Structure formats: structure tokens, C-alpha cells
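> Could you work out the structure for the sequence below:
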Amino acid sequence: MALNVIYLGIKGAVIALNRANGQEIWRTTLKGGDFVNVVLDGNQLYATTRGEIFCLDTKTGEPRWHNELKGLGLGLGLISIATPSGSQVLTAQEKMMRDAAAAAA
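Sure, this is the predicted structure:
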């Protein structure tokens, strides 16, 4: 996706915003109202929530695939994501700190 988009994970959803004006481009509800960890790796947007992982289309937010990660528990904890390129990988703690800083600005 173009560099003019930012992706947010919040309350069980992923939201794409126009970086220049903050207008919402799309919103995809995943599961529940929990924290959503998001990682952009090239044109792959990964999101984790409630112990499951989703790969979303960066242009539309439609799920490309979803894995329930069965056998790993209820999934109430956070999931970390790493990609081979390591691009834009944030820990959940870093994400929460950035979100808090953005909200305070």
C-alpha cells in the first residue's frame, strides 16, 4: 500500500487511516474487544488478537487468511510477530507507547 496510510489496531479491529488528513479508509473487525497487534511487512498486514492471527489485504482490509492457532490456549495474552525482513515490527509495549503518545499529541 502507498506510504500515505497508517494502520491501527484497537478494540478488536484494524483501521487504515490516511496519513495526511487522518480520514478513515477502511475498518475490519476481527474478534472481541481486545488489543490488536499489527505488523506491516511489505504488502502483507498481519494482525493478532485473542490468540489468533489474521493476514489482511492492505487496500481493503479483507482477510486473506486466518489461523486460530488451535492448541495454544484461550489466547487472552498478547502475541508477538516477527517477519524475515524485520520491517516495522513493534512489540505490543512499543505499540501501546506510540498509541499513547499519539493520543496525547
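
> Please name the residues that touch A16.
Residues counted as contacts of A16 (C-beta atoms under 8 Å, 6 or more residues apart in numbering) are M1, V5, I6, Y7, E24, I25, W26, R27, T58, G61. Heads up, the C-betas are built off the backbone N, CA and C, glycines and all.

> Tell me the one of these nearest S80?
Closest to S80 out of these is Y7 (16.9 Å), distances taken as C-beta to C-beta.

> Just say helix, strand or coil for the closest one.
At Y7, secondary structure determined by DSSP: H, G, I helix; E, B strand; the rest coil is strand.

> Tell me the spacing between G22 and D57.
Using C-beta to C-beta, to the nearest Å, G22 is found at 21 Å from D57.

> For the two, indicate the residue with more neighbours.
Taking other C-beta atoms under 10 Å, G22 and D57 do not tie; D57 has more neighbours (15 against 8).

> can you tell me how far the more buried one sits from L3?
Distance from D57 to L3, by C-beta to C-beta: 17 Å.

> Which of the contacts of A16 are buried? Put it as a ChimeraX command.
Entered in ChimeraX, the line below selects the buried ones among these, by 16 or more other C-beta atoms under 10 Å:
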select :5,7,25,26,58,61
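
> Quick check: of the contacts of A16, which lies closest to E68?
The shortest approach to E68 among the contacts of A16 belongs to G61, at 19.4 Å (C-beta to C-beta).
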